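Student: what would the 3D arrangement of this be:
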Amino acid sequence: MIQVCIPPTLVQQRTYIVRWILGLFLPPDSFQIIPCGQQDVTLELNGKRLIIVDEFFCRAESNWLKNESLPVNPQFRSIREHFACLGFDRVLDLFPPSGELSVFEESENSHKLSLDVFGTAFFCVTRYEEWCINARSLDKHDRVASDRCVLSKSGSQKVPIVDCQLHILREAMNRIWPEITKLEQSSYRLLLTHDVDWPFAGAGHPLPMLARNVVGDLSKRHSFRQAKRRMTSFCNGLFGKVTGDEYNTFDYIMSTAEQNSIQSEFYFIAGHSRPIIDGVYQLGSKLIESLLRSVHERGHVIGLHPSYDTFQDGVRLKSEFENLLGVCESLGIKQDQWGGRQHFLRWDCRQTWKHWESAGLDYDSSLGYADFVGFRSGTCQSYPVFDLKTNQTLKLIEKPLIVMEGSLLDAAYMGLSHADAYDAARELIHQCRRFQGNFVMLWHNNSLQSEEDRELFEQIVAAAA
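Tutor: Residues are numbered from 1 along each chain as shown. Sure thing, here's the model as predicted:
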């Protein structure tokens, strides 16, 4: 058994991250974590040891969750001399040790890795830095913008630095202990998800809203065709017909997923804390019940899309989840796990995860930036979350969001052409495949109206499947 000796302070935090990192490629009963009176983390087995520097936790002890504990001078460090076999030449070190140190120092029985693998991972996956970001750094939806965070400032948002450092650690352990015949790793997966904000373009909409949208079609968008389609959808919806509704792309989405041998996950709004922003549909309506049955019968997944204000309101979030469960139960829909994503990607590191845990949800996939694609958590691996307020490891699993179609295409965000959007997505798919993680993509059902949009969607799904 590997003895993992950790410093005696911040034990809950250190234990959480060591257990997750090593558990990605070692059986849980193959290592033991022990607080010791030493400065760094040490792995010992069969008379050999690997010392891993401890910089973040050491620096943060007296300034926990304060700006003084944030990275001061992140640096890119070359790994070519020792780890060229991994396929990348350098790695971002958020907490470089003082002095000129080689990334890896070897001797007969004692080796040293001067990358704070565990501290970096904890800092990234808990979103520690977002605790320290003040309200002036938030956008109009109270979201942290990507350019406020250290990975973006360092030009590393498109590279999962936690996974890079994890692979360095794994390779070092393979060299030191070749008798460990197999250090397993996870398998790559495409997770295709869809936030159902507007299931239909006209069906089920209240008359005042329909009127405003039609006026906008005519006066702002100068599209008589769009106005006509919207009114036709509204009228057909009165009779339970939504076949021709341009937002009703669910059959197309499920067929595309099935052709690529994957499931789609559809996250439904189950309550309304803000008018209009949270859509206008009700889970118990006949149209939505029919949609829920169709998704379930075709073998796809139903999830929760909590309303706008729930990211800071655990009571409302739990009520909405109970509403979703109740409607699904009435339809005979059962699932082993339930997850979803916050509406507008509104997420607060101080409380949102805890609300999800208390509500009884199994997983969340809210951790992506609205304005940019990439690795907000520094990883493409799913992970158990850690509550920075209570210093507890939760049962809730985070599946970080990597790409949202709106981030790529919306002029308010990246504003890419369809060709450039495909290239950006393909680069991130490559990273997720390289590190055997999850490529989690969000594509809204109402963003598949043009042939260009559908072609891009199909290309990305095919490349990622």
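
Student: strands along the stretch 1-150 of the chain, start to end?
Tutor: Applying DSSP state E, counting those that start in this stretch to the stretch 1-150 of the chain gives strands spanning 2-6, 31-35, 41-45, 48-52, 75-78, 90-93, 104-105, 110-113.

Student: out of those strands, nearest to residue 15?
Tutor: strand 31-35 (5.3 Å; C-beta to C-beta). Where you see a C-beta, it was placed from the backbone N, CA and C, and this is true even at glycine.

Student: can you dump the C-alpha atoms of that closest one in CSV for me?
Tutor: Coordinates of each C-alpha in strand 31-35 appear next as CSV, following Å, rounded to 0.1, in the frame of the first residue of the first chain:
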residue,chain,number,x,y,z
PHE,A,31,-3.1,4.1,-0.8
GLN,A,32,-3.4,5.5,2.7
ILE,A,33,-3.4,9.2,3.6
ILE,A,34,-1.6,10.1,6.8
PRO,A,35,-1.0,13.6,8.2
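
Student: which other residues reach it?
Tutor: For strand 31-35, the surrounding residues in contact (C-beta atoms under 8 Å, 6 or more residues apart in numbering) are 1-8, 11, 14-15, 18-19, 22, 43.

Student: buried ones among those?
Tutor: Buried members of the contacts of strand 31-35, scored by 16 or more other C-beta atoms under 10 Å, are 2, 4-7, 14-15, 18-19, 22, 43.

Student: next one: the closest residue to residue 344 other than its chain neighbours from residue 406, what distance?
Tutor: Using C-beta to C-beta, 6 or more residues apart in numbering and skipping the chain neighbours, the partner closest in space to residue 344 is residue 141 (5.1 Å). The spacing between residue 141 and residue 406, counted by C-beta to C-beta, to the nearest Å, is 13 Å.

Student: who's more crowded, those two?
Tutor: residue 406 (18 against 13; other C-beta atoms under 10 Å).

Student: now do the same contact list for the more buried one.
Tutor: Applying C-beta under 8 Å, 6+ apart, the residues contacting residue 406 are 370, 413, 444, 447.

Student: doesn't residue 456 make contact with the last one?
Tutor: Spelled out, it's residue 447. No: using C-beta atoms under 8 Å, residue 447 is not in contact with residue 456; the gap is 9.8 Å.

Student: quickly list what's touching both of these two.
Tutor: residue 405.

Student: picking up where we left off before, adding pLDDT and distance to residue 388, write the buried ones among the contacts of strand 31-35 out as JSON lines.
Tutor: JSON lines is the format used below for the buried ones among the contacts of strand 31-35 (pLDDT from 0 to 100; distance: C-beta to C-beta, whole Å):
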{"residue": "2", "pLDDT": "95", "distance to residue 388": "28"}
{"residue": "4", "pLDDT": "97", "distance to residue 388": "22"}
{"residue": "5", "pLDDT": "98", "distance to residue 388": "24"}
{"residue": "6", "pLDDT": "97", "distance to residue 388": "18"}
{"residue": "7", "pLDDT": "97", "distance to residue 388": "19"}
{"residue": "14", "pLDDT": "98", "distance to residue 388": "14"}
{"residue": "15", "pLDDT": "98", "distance to residue 388": "15"}
{"residue": "18", "pLDDT": "98", "distance to residue 388": "17"}
{"residue": "19", "pLDDT": "97", "distance to residue 388": "17"}
{"residue": "22", "pLDDT": "95", "distance to residue 388": "21"}
{"residue": "43", "pLDDT": "97", "distance to residue 388": "26"}
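
Student: picking up where we left off before, compare the strands of the stretch 1-150 of the chain and give me the one nearest residue 178.
Tutor: Per C-beta to C-beta, nearest to residue 178 of these: strand 48-52, 10.5 Å.

Student: sheet-wise, list the partners of that closest one with their directions.
Tutor: strand 41-45 (antiparallel), strand 110-113 (parallel) (DSSP bridges).

Student: quick one: low-confidence parts of this structure?
Tutor: Where the chain drops to pLDDT under 70, the residues are 100, 135-136, 181-183, 210, 237-240.

Student: what's near enough to touch the residue of it most remote from its centre?
Tutor: Going by C-alpha atoms, centre = their mean, the residue of the chain most distant from its centre is residue 108, 40.9 Å out. Listed by C-beta under 8 Å, 6+ apart, the contact set of residue 108 is empty.

Student: identify the residues contacting the residue nearest to residue 344.
Tutor: Counting by C-beta under 8 Å, 6+ apart, the residues that residue 141 touches are 344-346, 370.

Student: about what we covered before: any idea how far the residue farthest from the centre of the chain lies from residue 47?
Tutor: 10 Å.

Student: just checking, residue 373 touches residue 400?
Tutor: No: look at residue 373 against residue 400 with C-beta under 8 Å: they stay out of range, at 11.5 Å.

Student: isn't residue 174 right up against residue 180?
Tutor: Yes: under the criterion of C-beta under 8 Å, residue 174 makes contact with residue 180 at 7.3 Å.

Student: ok so, going back, what's the closest of the contacts of strand 31-35 to residue 382?
Tutor: Distances from residue 382 to the contacts of strand 31-35, taken by C-beta to C-beta, are shortest for residue 19, at 14.7 Å.

Student: with adjacent residues omitted, what lies nearest to that closest one?
Tutor: residue 33 (6.7 Å).

Student: save the strands paired with strand 48-52 as CSV, and put in distance to residue 429 too.
Tutor: As requested, the strands paired with strand 48-52 are arranged in CSV below (distance: least, C-beta to C-beta, whole Å):
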stretch, distance to residue 429
strand 41-45, 33
strand 110-113, 29
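
Student: so of those strands, which one's packed in deepest?
Tutor: Across the strands paired with strand 48-52, averaging neighbours per residue (mean count of other C-beta atoms under 10 Å) puts strand 41-45 on top, at a mean of 21.
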